[in-house]
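Novice: Quick one: sequence plus predicted model below, questions after.
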Amino acid sequence: MTYQFLQKHATMSSLLLVFLLGLNWGWAQPANLVSTDSIDAIVRTHMSKKHVQGLSIAVVRQGKVTLAKGYGMANVELNSPATPQSVYAIASISKQFIATGILLLAQEGKLHLDDAIHTYYPQAPQTWKGITLRHLLSHTSGIVREAPAFDPDKQQPDSVVIQSAFSLPLQFPTGTKWQYCNVGYFALADIIRKVSGQSWANFLKQRVFTPTGMTDTRTTTLSEIVPNRVDGYTWEENHLQRALAYLALRPSGAFLSTVLDLAKWDAALYTTKILTEASQKQMLTPFVLNDGTPYPYGFGWRLDSLMGFRWIHHGGSLPGFRTEYSRFPQIGLSIIVLTNGEEADPENIAKEIAALYMRSATGKPVSTK
């Protein structure tokens, strides 16, 4: 996939703005337009205000890292600094990888996005009739957000968690609205297992992480040794505490990674190395609700606009961790922010850094509101 491919899916007005920016301010140039000091000021202000102990950031321009830096502590007790190599729980940023696994199988004709969930779970209740993989990917199925059997302190098969939601009524008729649903991503991961014949973790390692060189990305674990692992923290009653990590492996927030590995994934998204143009287009197309209204969510990505530019992004939240991955493909800018503070606000950090680049280009104040 090319840079021009991503441009095709923006509005005409945004394309005109991008064209003018490219002519007058040189967006195509790879050189940094923003000082590191300006980015440092944003990051340190947020860390101080939200009691964030550690944070790593990468700024990527058209697939190439122009800034990678760590701030604060990866582990407070050991006085270990955060670095670009620090390994964080990325939480729901993981959803785009589960979605990628489904799209890879669809590319090979091994499944179809409009397959009914009953194809893979024939024992599912009749109330789930009409739910497709597309509904699961886009959070429009109506299934409850969390299954009753999910226990953060218990390792158990995904199928057990999924089946525990069978007896619950749908929250709304399928396809009529958007509501975040982690159960749907448990089901998608389990479908990857059923169709591929291997665990979803191994499938994604072999088909996504290894081909893109994401050597520090893996499923979460408390028992295995993970070099450069970051510890999560929370600020409670005016003092710092270690966050209690989940023992359970949640497909909806499955992976550990680094800003540098996610930058490699970002570079892959400017190509067809993993996903075809058609698959990427489906992933980044707003879901159309039953009444014809497009909802700004694709498959594991939120689809918004910011400062006049298309904003493709997703955040994540787990005990002790808050994360954000923001892409502005029209101008080849991506900002990845991983933190080990439960009170952190990485989305706004990414937005404020993006505003620096816009302000540098235009010479005018740019609001992130």
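Specialist: Structure received. Predicted, not measured: the structure shown is a model, and the values here were computed from it.
Novice: okay, and for this structure, where does confidence drop off?
Specialist: The chain contains residues with pLDDT under 70 at 1-32, 361-369.
Novice: how about 50 then?
Specialist: The model of the chain has pLDDT under 50 over residues 1-32.
Novice: do you know how far residue 178 is from residue 283?
Specialist: 16 Å (CB to CB, to the nearest Å). No exception for glycine: its C-beta is placed from N, CA and C like everyone else's.
Novice: Give me the more crowded residue out of those two.
Specialist: residue 283 (21 against 17; other CB atoms under 10 Å).
Novice: Just to check, that one is in contact with residue 99?
Specialist: Yes: at 6.3 Å, residue 283 counts as touching residue 99 under the criterion of CB atoms under 8 Å.
Novice: Verify the stated contact: residue 65 with residue 258.
Specialist: No: applying CB under 8 Å as the test, residue 65 and residue 258 come out as separate, 11.4 Å apart.
Novice: Looking at the two, which is more packed in?
Specialist: Shown here are residue 65 and residue 258; by other CB under 10 Å, residue 258 has more neighbours (27 against 18).
Novice: Without its sequence neighbours, what residue ends up closest to that one?
Specialist: With CB to CB, 6 or more residues apart in numbering as the criterion, residue 258 has its nearest non-adjacent residue at 4.8 Å, and that residue is residue 216.
Novice: Contacts only, for that neighbour.
Specialist: 85, 87, 227-228, 256-258, 260-261 (CB atoms under 8 Å, 6 or more residues apart in numbering).
Novice: What about those, which are in helices?
Specialist: Judged by DSSP state H, helices contain the following of the contacts of residue 216: 260-261.
Novice: who wins for neighbours among the contacts of residue 216?
Specialist: Counting neighbours by other CB under 10 Å, the top entry in the contacts of residue 216 is residue 258, with 27 neighbours.
Novice: Which residues are in contact with it?
Specialist: 56, 84-88, 216-217, 228, 338.
Novice: Turn those residues into TSV, including distance to residue 127.
Specialist: Shown next, in TSV, are those (distance: CB to CB, whole Å):
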residue	distance to residue 127
56	43
84	47
85	47
86	44
87	41
88	38
216	42
217	37
228	45
338	38
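Novice: Closest one to residue 135 out of those residues, please.
Specialist: Ranked by distance to residue 135 (CB to CB), the contacts of residue 258 are led by residue 217 at 27.4 Å.
Novice: Kindly point out which residues are neighbours of both of residue 283 and residue 99.
Specialist: 299-301.
Novice: between those residues, which is nearest residue 131?
Specialist: Relative to residue 131, the closest of the shared contacts of residue 283 and residue 99 is residue 299; by CB to CB it sits at 15.1 Å.
Novice: How much space separates the residue nearest the centre of the chain from residue 159?
Specialist: Nearest to the geometric centre of the chain sits residue 93, at 2.3 Å (CA atoms, centre = their mean). Counting by CB to CB, the separation of residue 93 from residue 159 is 24 Å.
Novice: The chain: helices as residue ranges?
Specialist: Secondary structure of the chain, counting by DSSP H: helices at 3-8, 12-25, 36-50, 95-107, 133-138, 158-163, 182-196, 200-204, 259-268, 277-283, 346-362.
Novice: what's the closest non-adjacent residue to residue 118?
Specialist: Counting by CB to CB, 6+ apart, residue 118 lies nearest to residue 124, which is 5.6 Å off, once chain neighbours are set aside.
Novice: Now do the one you found against residue 242, distance only.
Specialist: Relative to residue 242, and taking CB to CB, residue 124 is found at 39 Å.
Novice: Looking at these two, which one has more neighbours?
Specialist: Neighbours were counted for residue 124 and for residue 242 using other CB under 10 Å; residue 124 has more, 20 against 14.
Novice: The more buried one is in contact with residue 116, isn't it?
Specialist: No: at 9.1 Å, residue 124 does not count as touching residue 116 under the criterion of CB under 8 Å.
Novice: Going by distance to residue 109, which of the contacts of residue 258 wins?
Specialist: The nearest one, if we look at the contacts of residue 258 relative to residue 109 and count by CB to CB, is residue 217, at 27.1 Å.
Novice: ok, what's across the strand from the closest residue to that closest one other than its chain neighbours?
Specialist: Among residues not flanking residue 217 along the chain, residue 257 sits closest, at 4.2 Å (CB to CB, 6+ apart). On the basis of DSSP bridges, residue 257 is bridged to residue 88.
Novice: who's in contact with residue 257?
Specialist: Residue 257 makes contacts with 87-88, 90, 93, 214, 216-217, 338, as judged by CB under 8 Å, 6+ apart.
Novice: Same check on residue 303?
Specialist: 284-286, 296-297, 310-312.
Novice: Report the beta-bridge partners for it.
Specialist: Beta-bridge pairing of residue 303 under DSSP bridges involves residue 312.
Novice: roughly how far apart are it and residue 159?
Specialist: In terms of CB to CB, residue 303 sits 31 Å off from residue 159.
Novice: Number of residues surrounding the residue lying closest to residue 261 once chain neighbours are set aside?
Specialist: Once flanking residues are discounted, residue 261 sits nearest to residue 214: 4.2 Å by CB to CB, 6+ apart. Close neighbours of residue 214, defined as other CB under 10 Å, add up to 23.
Novice: Run a quick check on residue 214 versus residue 263, I expect a contact.
Specialist: No: the pair residue 214 / residue 263 is not scored as a contact, 9.6 Å apart, by CB under 8 Å.
Novice: Thanks a lot, catch you later.
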